[in-house]
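1. coordinates for the following, if possible.
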Amino acid sequence: MQSSLVKYNNPLLISTFAGGKDKKGKGKAGKSGVKAATGGPMSPTEDILNSILPPREWAEDDQLWVQYVSSNPATRSDVV
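-> This is a model prediction of the structure:
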């Protein structure tokens with residue numbers, strides 16, 4: 001991953017897929033797995049944050065991973 005000034009939460013495994021990919025190059029898993037992996041629907045604040053700074057998504061070893069921007073405020077040690 002590239003370094004960034006934005007702090008991200010730990011990556012979440014969304015799904016695994018074997019072989020087949022659709023037209024966009026992603027696996028057969030759809031977006032429906034996101035809510036199950038995060039533990040439920042997102043709060044309105046997290047939804048707005050994700051629309052401004054979209055989560056990172058990547059496929060690695062036949063697994064689909066997603067990493068959301070952290071909603072926790074930065075500390076002094078994070079900035080310095």
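2. per-residue pLDDT, Val80?
-> With respect to pLDDT, Val80 scores 79.
3. and for it, the neighbour number?
-> Neighbour count of Val80, defined by other C-beta atoms under 10 Å: 5. C-beta coordinates here come from the backbone N, C-alpha and C atoms, glycine included.
4. one more: Val6?
-> 10.
5. all strands in the chain, in order from the N-terminus.
-> Assigned by DSSP state E, the chain shows strands spanning 12-16, 56-60, 63-67.
6. same list (those) but as CSV, adding mean pLDDT, distance to Ser3 and mean neighbour count.
-> Shown next, in CSV, are the strands of the chain (pLDDT from 0 to 100; distance: least, C-beta to C-beta, whole Å; neighbours: other C-beta atoms under 10 Å):
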stretch, mean pLDDT, distance to Ser3, mean neighbour count
strand 12-16, 91, 20, 16
strand 56-60, 93, 12, 14
strand 63-67, 94, 13, 18
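7. looking at this protein, which helix or strand is least sure?
-> In the chain, no helix or strand scores lower on mean pLDDT, DSSP states H and E than helix 33-38, which sits at a mean of 47.
8. mind checking which of the strands of the chain is nearest Leu5?
-> Smallest distance to Leu5 across the strands of the chain (C-beta to C-beta): 14.1 Å, for strand 56-60.
9. got the CA positions of stretch 60-72 in PDB?
-> Output in PDB follows, covering the C-alpha atoms of stretch 60-72 (Å, rounded to 0.1, in the frame of the first residue of the first chain):
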ATOM      1  CA  GLU A  60      -4.800 -10.500  -3.000                       C
ATOM      2  CA  ASP A  61      -4.500 -14.200  -3.200                       C
ATOM      3  CA  ASP A  62      -8.100 -14.700  -4.400                       C
ATOM      4  CA  GLN A  63      -9.400 -12.600  -1.400                       C
ATOM      5  CA  LEU A  64     -11.200  -9.300  -1.600                       C
ATOM      6  CA  TRP A  65     -10.000  -6.800   1.100                       C
ATOM      7  CA  VAL A  66     -11.300  -3.400   2.100                       C
ATOM      8  CA  GLN A  67      -9.800  -0.700   4.400                       C
ATOM      9  CA  TYR A  68     -11.900   2.200   5.700                       C
ATOM     10  CA  VAL A  69     -10.700   5.600   6.700                       C
ATOM     11  CA  SER A  70     -10.600   5.900  10.500                       C
ATOM     12  CA  SER A  71     -13.200   8.100  12.100                       C
ATOM     13  CA  ASN A  72     -11.100   8.500  15.300                       C
END
